[in-house]
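S.K.: Kindly generate the corresponding structure for this input.
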Amino acid sequence: MEKKFTILLAAALLPCFLSLASADEGTATYYTPPYTPSSCYGYEDKGTMIAAASDAIWDNRAACGRRYRVTCIGATNQVPYPCNGNSVDVTIVDYCPPPGCRATIDLSQEAFSAIANLDAGNIRISYKQI
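M.R.: Below you'll find the model as predicted:
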């Protein structure tokens, strides 16, 4: 019976481990309103759970409309414990061009605050297209 339970438990947890293994890591910053116009949608309002893509994921505008699940995994600076343990789902609506772009994903202020302390300003993240 114990062996059967162990196998069932392992089978149940496998998708969780595969999901974590397939996430990429990078950094996130945030930007403040107004969120329009955007590179992808002009003056069309796409809400507040949005983000701008750096060259790492921009893919020559193909990133427009892609959705990502973003999770804070740690600090990049002196702000201790910036993460709150949550994840946020965002839609790419804009481009974060170099040299000003200092992150993989530039989240809206609302999306950033859903996963981390705004005082951190820049955080380590895992992210996965959904």
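
S.K.: which residues of the protein score low on pLDDT?
M.R.: 1-21 (pLDDT under 70).

S.K.: same thing but 50
M.R.: Along the chain, the parts satisfying pLDDT under 50 run over 5-14, 16-20.

S.K.: From residue 32, how far off is the residue nearest the centre of the chain?
M.R.: Nearest to the centroid of the C-alpha atoms of the chain, with distances taken as CA atoms, centre = their mean, sits residue 70, at 2.7 Å. Distance of residue 70 to residue 32, computed by CB to CB, to the nearest Å: 17 Å. Backbone N, C-alpha and C define where each C-beta goes, glycine included.

S.K.: Same question for residue 119.
M.R.: Distance from residue 119 to residue 32, counting by CB to CB: 14 Å.

S.K.: same deal with residue 109?
M.R.: Residue 109 is 5 Å from residue 32, by CB to CB.

S.K.: Identify the contacts common to those two.
M.R.: Counting by CB atoms under 8 Å, 6 or more residues apart in numbering, no residue touches both residue 109 and residue 32.

S.K.: Who has more neighbours out of these two?
M.R.: Using other CB atoms under 10 Å, the more surrounded residue of residue 109 and residue 32 is residue 109, with 14 against 10.

S.K.: so that one touches residue 29, yeah?
M.R.: No: in this structure, residue 109 is not within contact of residue 29 by CB atoms under 8 Å, at 10.3 Å.

S.K.: Helices of this structure, start to end?
M.R.: For the chain, the helices defined by DSSP state H cover 2-21, 55-58, 109-115.

S.K.: For the shortest one, buried residues please.
M.R.: To tie it back to what came earlier, the one meant is helix 55-58. Residues of helix 55-58 classed as buried: 56-58 (neighbour count, 16 or more other CB atoms under 10 Å).

S.K.: Off-centre distance for it?
M.R.: 13 Å (CA atoms, centre = their mean, to the nearest Å).

S.K.: OK, contacts around residue 96?
M.R.: Applying CB under 8 Å, 6+ apart, the residues near residue 96 are 52-54, 58, 103, 105-106.

S.K.: What about these, which are in strands?
M.R.: Counting by DSSP state E, the contacts of residue 96 place 52-53, 105-106 in strands.
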